[in-house]
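Colleague: fold the stuff below for me.
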Amino acid sequence: MAPHPQAPYAPQAERDAMRRAIALAARGLGSTSPNPVVGCVVLDQAGRTVGEGWHQRAGGPHAEVHALAEAGEDARGGTAVVTLEPCDHTGRTGPCAQALIDAGISRVVYAVSDPSPNAAGGALTLAAAGIDVEGGLLADEAAAGNAAWLTSVLHGRPYVTWKYAATLDGRTAAADGSSRWITSAEARADVHRLRAESDAVLVGAGTARADDPHLAVRDVPGAVQPLRVVLDTEASVVRAGARVLDDAAPTVIAVAQDADTAALEAAAGASPAEVLRLPRAVDGAGLDLDALLTALQTRDVRAVLLEGGATLAGSFVAAGLVDRVVGYLAPVLLGAGPPALGEAGISTIAQALRLTVSETVRLGPDLRITAVGATAPQTVRTAAAASTTASTRTANPTGTATTTGPATARAEQSEQPEES
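Modeller: Reported below is the predicted structural model:
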């Protein structure tokens, strides 16, 4: 991703530390919701790394606390480099701003300002304590890594990633319906990493009927199992013995408000699966997707992985609710069979949803392509732009402490899812 146009100047040690902090933050994906992922690196007075940390789980110590504990006395007079503005409120943990003050930190550099309504961001508190504070360093990169949480804060819904696996000619299965295995073992293993980074994995009735998917994470050490969500509008697909009804991970079966759920409830039996009633979509086909995402948001879901087939994916695309697409493409041709994407409300080339490719990775013989839509870059830009006001927000009205920020610093130089 290109640097933010108003990215502040920073010593190379701080820039390197921020990139390291962004990488550390990513370790918390899938385990911190409803909180953000955050990374922190502490430098001593000579600019050497003396402490590192990341937010590992919701309710646990924040990144700054971990990094300060590792740094010990070496933090005094040093610099804390953090991917998100340190907090200044007491929840399940204490305020990080005060922890930084108590540790004797003399400078704090953060990437993204906290955009939460009525957020108790700690930049002002830090500046008032005489600490040099700067915001906006590598803001775009840090915001992209926190896209799920930022989408939740700025748009009031979870971040949605649509994942599919297909042949080069866009088929997710052969004409006879067979699909195992289109992609390689390496690609299928990567899907489990993607699941582990998500809070919920979502499929529709068609996939549930055809594949009886399990949807749990396998072979990812330390993974927090995501919520398994099945959209079964008429409560007619999930039956006794369905793999999503086991105890490997929590499960929600979403049905229409007026659906007869007697058979479903009997099938669930002693299973801990929850039946969630939702309004139908306006056109009567399926469920209201906005209501679904709102319900998931209230359950602390911030990142949704959409693994359903072409019909469900088309509905999400048509509703403008896909933020990111991850496609696993195999060097295979089928010529016939179901396409990756169904009806999405697009009838002319002028209506095509143009995406921006953010990453391409080889996985064995296959290629993983990641692309983001219009909403995701807007979220990143909004969060990054908020950080360009850091100098204004952290200005100490008494004049006894000074801060710098981007406004004053010189510009930098510089399917049917086949894996179930």
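Colleague: could you list every residue that touches Val224?
Modeller: Gly30, Ser31, Arg57, Ala196 (C-beta atoms under 8 Å, 6 or more residues apart in numbering). C-beta here means a position set from N, CA and C on the backbone, and glycine is covered the same way.
Colleague: before we move on, what about Val37?
Modeller: Ala25, Ala26, Arg27, Gly28, Leu29, Trp54, His55, Thr83, Gly145, Asn146, Trp149.
Colleague: re the thing from before, ok, and the most crowded of the contacts of Val224?
Modeller: Gly30 (26 neighbours; other C-beta atoms under 10 Å).
Colleague: secondary structure element for it?
Modeller: Using DSSP states H and E, Gly30 sits within no helix or strand.
Colleague: give me the helix or strand of this protein that scores worst on average pLDDT.
Modeller: Using mean pLDDT, DSSP states H and E, the weakest-scoring helix or strand in the chain turns out to be helix 390-393, at a mean of 42.
Colleague: any weak-confidence spans in the chain?
Modeller: Within the chain, the stretches with pLDDT under 70 are 1-9, 91, 118-120, 374-420.
Colleague: kindly recompute the last result at 50.
Modeller: For the chain, residues meeting the criterion pLDDT under 50 lie at 1-6, 389-420.
Colleague: now do the buried residues in stretch 76-91.
Modeller: Gly78, Thr79, Ala80, Val81, Val82, Thr83, Leu84, Glu85, Pro86, Cys87, Asp88, His89 (16 or more other C-beta atoms under 10 Å).
Colleague: do stretch 110-120 as well
Modeller: Tyr110, Ala111, Val112, Ser113, Asp114, Pro115, Ser116, Ala120.
Colleague: strands - which of those residues land there?
Modeller: Judged by DSSP state E, these include Tyr110, Ala111, Val112 as members of strands.
Colleague: ignoring the adjacent residues along the chain, who's closest to Thr233?
Modeller: Among residues not flanking Thr233 along the chain, Ala256 sits closest, at 5.1 Å (C-beta to C-beta, 6 or more residues apart in numbering).
Colleague: so the one you found makes contact with Asp232?
Modeller: No: with contact defined as C-beta atoms under 8 Å, Ala256 does not count as touching Asp232 (9.1 Å).
Colleague: chain neighbours aside, what residue packs nearest to Leu276?
Modeller: Distances taken as C-beta to C-beta, 6+ apart put Ala254 closest to Leu276, at 4.7 Å, once the chain neighbours are dropped.
Colleague: helix/strand/coil for the residue nearest the centre of the chain?
Modeller: Centroid-nearest residue in the chain: Ala148, 3.3 Å away (criterion: C-alpha atoms, centre = their mean). On the three-state scheme (DSSP: H, G, I helix; E, B strand; the rest coil), Ala148 is labelled helix.
Colleague: that one contacts Tyr159, correct?
Modeller: Yes: if you go by C-beta under 8 Å, Ala148 and Tyr159 touch, sitting 3.9 Å apart.
Colleague: okay, and the common contacts of these two?
Modeller: Arg302, Ala303.
Colleague: what about the residue nearest to Leu367 when sequence neighbours are not counted, neighbour count?
Modeller: Nearest residue to Leu367 in three dimensions, chain neighbours excluded: Leu329, at 4.8 Å (C-beta to C-beta, 6+ apart). Counted with other C-beta under 10 Å, residues neighbouring Leu329 total 22.
Colleague: got it, and Gly156?
Modeller: 11.
Colleague: with Ala291 instead?
Modeller: Ala291, neighbours per other C-beta under 10 Å, totals 17.
Colleague: tell me the contacts of it?
Modeller: Contacts of Ala291 (C-beta under 8 Å, 6+ apart): Leu278, Pro279.
Colleague: now do the SS call for His192.
Modeller: His192 - assigned by three-state DSSP - is helix.
Colleague: if we can go back for a sec, residues in contact with the residue nearest to the centre of the chain?
Modeller: Neighbouring residues of Ala148 by C-beta under 8 Å, 6+ apart: Leu29, Ser33, Pro158, Tyr159, Asp199, Arg302, Ala303.
Colleague: those: which two are farthest apart?
Modeller: By the measure C-beta to C-beta, Leu29 and Pro158 form the most distant pair in the contacts of Ala148, at 13.5 Å.
Colleague: and the two? Which one has more around it.
Modeller: Pro158 (29 against 21).
Colleague: didn't that one look like it was pressed against Ser152?
Modeller: Yes: assessed by C-beta under 8 Å, Pro158 is found in contact with Ser152 at 6.2 Å.
Colleague: which neighbours do those two share?
Modeller: Gln297, Arg302.
Colleague: please enumerate the strands of the stretch 301-420 of the chain.
Modeller: Taking DSSP state E, counting those that start in this stretch as the criterion, the stretch 301-420 of the chain contains strands spanning 303-306, 324-330, 356-363, 366-372.
Colleague: now the angle from the last one to strand 356-363?
Modeller: With axes from the mean of the first three to the mean of the last three C-alpha atoms, to 10 degrees defining the directions, strand 366-372 sits at 160 degrees from strand 356-363.
Colleague: packing partners of strand 366-372?
Modeller: Contacts defined by 3 or more C-beta pairs under 8 Å, 6 or more residues apart in numbering; DSSP states H and E place strand 366-372 against helix 185-196, strand 324-330, strand 356-363.
Colleague: for that strand, which positions count as buried?
Modeller: Buried, per 16+ other C-beta under 10 Å, within strand 366-372: Asp366, Leu367, Arg368, Thr370, Ala371, Val372.
Colleague: just those now: which is nearest Leu124?
Modeller: Relative to Leu124, and with distances defined as C-beta to C-beta, the nearest of those is Val372, at 32.2 Å.
Colleague: so what's the closest one closest to, chain neighbours aside?
Modeller: The shortest distance from Val372 to any residue other than its chain neighbours is 5.1 Å, reached at Arg324 (C-beta to C-beta, 6+ apart).
Colleague: and the closest residue to Trp149 other than its chain neighbours, how far from Ala318?
Modeller: Leaving aside its chain neighbours, Trp149 sits nearest to Pro36 (4.0 Å; criterion: C-beta to C-beta, 6+ apart). Noted for Pro36: a distance of 30 Å to Ala318, by C-beta to C-beta, to the nearest Å.
Colleague: look at the residue nearest to Leu276 and tell me its secondary structure.
Modeller: Following three-state DSSP, the label given to Ala254 is strand.
Colleague: contacts only, for it.
Modeller: Listed by C-beta under 8 Å, 6+ apart, the contact partners of Ala254 are Val229, Val230, Leu231, Asp232, Thr233, Leu276, Arg277, Leu278, Leu287, Leu292, Ala295.
Colleague: right, I'll call it a day here.
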